[in-house]
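Novice: Fold the stuff below for me.
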Amino acid sequence: MSDARTPAQIEADIVRRREQLAVTLDEIGIRVHPKTIIGDAKARVASTVDQTAGRAFVAVNRVVSDVKARFTHADGTPRLERVVPAALAVVAVVGLIATAGRKAGK
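Specialist: The predicted structure is shown next:
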């Protein structure tokens, strides 16, 4: 079995490798181009923001569900023994803020 190649085969191999090298150099040029680097950085930041927003949504949803569970029965009706004191507390705080605002305005 002979591994001897003809000059035409060698030349075709050189041309093929030259084309592969040109493609590789083009890819490297694109990867190190400032616009590409900035675009990649923006994509990473956007991904991080999306993940953070997703985590925040899950945390807020958990808190809202917990509060809802504390103030409603399983059938969705309000637990008056908890709603009324909470409403009174809110009214009292709003009243204190309004009173303090009037005193500060004099």
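Novice: Helix, strand, or coil at the most centrally placed residue in the chain?
Specialist: Relative to the mean C-alpha position of the chain, the nearest C-alpha, by CA atoms, centre = their mean, is the one of Asp50, at 1.1 Å. Using DSSP: H, G, I helix; E, B strand; the rest coil, the structure places Asp50 in helix.
Novice: mind checking how far it is from Ala69?
Specialist: 28 Å (CB to CB, to the nearest Å). C-beta: built from backbone N, CA, C; applies to glycine.
Novice: Next: Ala104.
Specialist: As judged by CB to CB, Ala104 and Ala69 stand 38 Å apart.
Novice: List the contacts of Thr48.
Specialist: The contact partners of Thr48, taken as CB atoms under 8 Å, 6 or more residues apart in numbering, number zero.
Novice: Give the buried residues for stretch 73-84.
Specialist: Buried residues in stretch 73-84, counted by 16 or more other CB atoms under 10 Å: none are found.
Novice: quick one, which of Ala104 and Ala69 is more surrounded?
Specialist: Shown here are Ala104 and Ala69; by other CB atoms under 10 Å, Ala69 has more neighbours (11 against 7).
Novice: Which of the helices or strands spans that one?
Specialist: helix 34-71 (DSSP states H and E).
Novice: which element follows that helix toward the C-terminus?
Specialist: Moving toward the C-terminus from helix 34-71, the next helix or strand (DSSP H and E) is helix 80-105.
Novice: which other helices and strands contact that next one?
Specialist: Under the contact criterion of 3 or more CB pairs under 8 Å, 6 or more residues apart in numbering; DSSP states H and E, helix 80-105 touches helix 34-71.
Novice: how far is the helix it packs on from where the chain is centred?
Specialist: 4 Å (CA atoms, centre = their mean, to the nearest Å).
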